[in-house]
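[1] The following block contains a protein sequence and its predicted model.
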Amino acid sequence: MSDAIADLYRDQHRRVLAAVLSLVGDFELAEDAVQEAFLAATAQWPSAGVPANPVAWLVSTARFTAIDAIRRRQTQRALEPELAARIAAIQAANGAVSAREIADDQLRLILTCCHPALDQQVQVALTLREVCGLTTEAIAAAFMVAPAALAQRIVRGKAKIRDAGIAFAIPGPEDLPVRIDAILAVCYLVFNEGYAASSGELHLRPDLCLEAIRLCRLLAELHPDAETAGLLALMLFHDARRATRTDAAGDLVLLADQDRRRWDQARIAEARAWLARAMAAEPVGSYTIQAAIVGLHASAPTAAATDWAGIVAWYDALLLAAPSPIVALNRAVAIAERDGPAVALPLLEALAPDLQARHLYHATRGDLLRRCGRRDESIAAYAQALDLAGQEPERRFLARRLRELRDAGS
Amino acid sequence: MDYMLLAYSPEGAWTREEWLACTAASGRICDELRSQGRFHAAAPLHPVATAASVRVRAGRTLVTAGPFAETTEQLGGFFLIAVPGLDDAIAIAARLPSAGKGTVEIRPVQALAGLPDFRCASPPADGAVRYMLLCYDDETYWTSVGATALQAAQAEAAALTRRLAQCGQFVAASPLHGVASATSVRVRQGRRIVTDGPFAETREFLGGYHLVDVRDLNEAIAIAAQHPGARQGTVEVRRVVDLSALSGPAA
């Protein structure tokens, strides 16, 4: 019995919390009430038996616990009409919650945690804590911040939701796309933090990648939308290559040098299915375009067999949908593959005003110069890249390239 | 919930015509909110050059000309509204012309017991002028002295409002929730940009406001000097633009 409740806690705790939160509108109150409901289940179910719909039982029990807690607060202080109104609202809500309603409550919770009035760092921390159920310690470790600082971020977020009156609500159709975009941005930020840490030694933190994929999958279930499917496809394509991106020493392995036989074909197949759904939308969004690009890489049996013309075409589309200097840089790299490095070099160098502070620009330029046979300039560019790079495996990669170039000349 | 929407923009960025058009457009939004029962008060403020800043230190009242802090964007007007939640406040803020030129900062109003009834709807009596007292203080001061000291200061401010109400000078007043609950709204190229936090990072933040009807600036300054906030921070005195006196096509 206690195993059954433990399983239920693990699998359904966040859903129960979402349902109770949207009823009571207060994190602290809802969290306490849900804990008490699970305690009540542990006490009652072994003798009384498991109810027919355990989630509904838990939500309903937590609801009454929350009402009691509000009443206790009310007798402590002067009568507050707001609290009385809240009790009435909770009582009016039908206790028998359907699966559909709980799904909506989960979406409400994600929307609230990713509300644009919250700082994005706070959005990330709240989402991982409240939606994904990660512990504060785990999130702090993943983002390499002190647990106390991360806990403070969560406290600040909850205080803002309460004080500023951020409603646990699904916005109208005119505002929903922007709000979904904010959730996708949080998903992608979490994924990228796991996929390529911005500094330090740890290159891959697969837990964060898996958490981002899980969150995006949940969102795709709750609110099927093309860009959600597109982002899910993008992350799955990337994740399929995870095992081959670094070697045994933790050093970076370039896409062209990765062992394609070790790519996770099941992941790639799943990514393709999501990509097909995302492509049905008109116009195709930027996550979907990125997924299409990564999908072409994933389809190539060898690096030489890559459909570079197709990739350049998708980068053209991406430049229209979401113009950025980094997209233009990646397009130049694809053009180098299609038409040769000499054609791509001036395209890349035109981006210098925007990108010369980024190591990626200098590393890319160093590579194109090397392939054009301009060794001295290539060495200078790689040296600049090494000066700017912060992440250890990347620094080792650049240092190795520099050594190879210098050795080749001597 | 009640929200204070503070419209910040560079004063120099408005021509007289633009300012009148902004005032007219804001007025139409206010009319709409009034008809929905979501409106308390709104008005443009006279330029910061006309402001006076009041501090009380060691029992002495110090009055300086100008706003409490020099910023590139100035508080040009306010909207005090009653809406269900932050999303509604954001939607209204994004419609204000000021959001396109500057920033609208949304501050949730804190409920405080013991305040007189607001009389925002009635215009100043003959011979009276409406002023806004903006109470800026260092929030870290209040967290360092503890909740009891803050409650005492709020009770003192509430007592001041009751004295003002007795002589017909009180219009409205409220403390605002801490600046951590602030949200800023801008509209650029037709896109709504919502960010966490106040429009500008300063050491002292707006912690509350009073609207008063008084004879002149001196009387407004005298009230500001009685406010407990003047002993820790600064009370900025700004005259409210009397929209009924506006001339021109927009009036």
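    Yep, that arrived.
[2] Find the residue closest to residue B:71 in space, skipping its chain neighbours.
    Distances taken as C-beta to C-beta, 6 or more residues apart in numbering or on different chains put residue B:200 closest to residue B:71, at 5.6 Å, once the chain neighbours are dropped. From N, CA and C alone the C-beta is placed, and that goes for glycine too.
[3] and that neighbour, how many neighbours does it have?
    Look at residue B:200: counted by other C-beta atoms under 10 Å in any protein chain shown, it has 14 neighbours.
[4] Can you tell me how far it is from chain A?
    Summarising the geometry, the distance separating residue B:200 from chain A, computed by C-beta to the nearest C-beta, to the nearest Å, is 16 Å.
[5] check contacts around residue 26.
    In the absence of a named chain, this looks at chain A. By C-beta atoms under 8 Å, 6 or more residues apart in numbering or on different chains, the contact list for residue A:26 reads residue A:162.
[6] should've been chain B
    With the criterion set at C-beta under 8 Å, 6+ apart, residue B:26 makes contact with B:42, B:44, B:77, B:79, B:96, B:97, B:98.
[7] So, low pLDDT: which residues of the chain?
    In the absence of a named chain, chain A is used. Applying pLDDT under 70 to chain A flags residues A:1, A:74-83, A:86, A:89-97, A:196-204, A:410.
[8] sorry, should have said chain B
    Applying pLDDT under 70 to the predicted model, the residue ranges of chain B that meet it are B:245-251.
[9] In it, which residue sits furthest out from the middle?
    residue B:189 (27.5 Å; C-alpha atoms, centre = their mean).
[10] quick one: it and residue B:97, what's the gap?
    For residue B:189, the distance to residue B:97 equals 15 Å [C-beta to C-beta, to the nearest Å].
[11] With residue B:120 instead?
    Going from residue B:120 to residue B:97 by C-beta to C-beta gives 21 Å.
[12] The residue of the stretch 1-150 of chain B found nearest chain A: how many residues sit nearby?
    Per C-beta to the nearest C-beta, residue B:85 is where the stretch 1-150 of chain B lies closest to chain A, at 3.9 Å. Other residues lying near residue B:85 total 17 when counted by other C-beta under 10 Å.
[13] ok, now which ones touch it?
    The contact partners of residue B:85, by C-beta under 8 Å, 6+ apart, come to A:165, A:166, A:167, A:169, B:1.
[14] Greatest separation within those residues: which pair is it?
    Across these, the two members that end up farthest from each other (C-beta to C-beta) are A:169 and B:1, 13.6 Å apart.
[15] ok, and what's touching whichever strand or helix holds residue B:79?
    Assigned by DSSP states H and E, residue B:79 falls within strand B:74-82. Taking C-beta under 8 Å, 6+ apart as the criterion, the residues outside strand B:74-82 that touch it are B:1-11, B:26, B:30, B:33, B:37-45, B:47-48, B:67, B:89, B:92, B:96, B:98, B:102, B:109, B:120, B:132, B:134, B:172, B:209, B:238, B:241.
[16] near chain A, which residues of chain B show up?
    B:1, B:3, B:84-87, B:89-91, B:106, B:108, B:111, B:113, B:177-178, B:180-183, B:192, B:194-197 (C-beta under 8 Å from any C-beta of the partner chain).
[17] Would you map out the domains in chain A?
    Following automatic domain parsing, one gets these domains for chain A: A:1-97, A:101-222, A:224-323, A:341-410.
[18] circling back: now the phi/psi pair for the residue nearest to residue B:71, please.
    According to degrees, to the nearest 10, the main-chain angles of residue B:200 amount to phi -150, psi 150.
[19] Just give the number of residues close to residue 128.
    Defaulting to chain A. Counted with other C-beta under 10 Å, the neighbours of residue A:128 add up to 26.
[20] Wait, chain B was what I had in mind.
    Neighbours of residue B:128 using other C-beta under 10 Å come to 17.
[21] quick one: secondary structure of the closest residue to it other than its chain neighbours?
    Once its chain neighbours are removed from consideration, residue B:128 has its nearest residue in residue B:213; the separation is 4.3 Å (C-beta to C-beta, 6+ apart). Classification of residue B:213 into helix, strand or coil gives strand, according to DSSP: H, G, I helix; E, B strand; the rest coil.
[22] Next up, the contacts around residue B:213.
    Contact analysis of residue B:213 by C-beta under 8 Å, 6+ apart lists B:124, B:125, B:128, B:129, B:130, B:131, B:168, B:169, B:170, B:171.
[23] Find the nearest non-adjacent residue to residue B:69, please.
    Spatially, and ignoring its direct neighbours in sequence, residue B:69 is nearest to residue B:202 (5.5 Å; C-beta to C-beta, 6+ apart).
[24] ok, now residue A:365?
    Spatially, and ignoring its direct neighbours in sequence, residue A:365 is nearest to residue A:381 (4.6 Å; C-beta to C-beta, 6+ apart).
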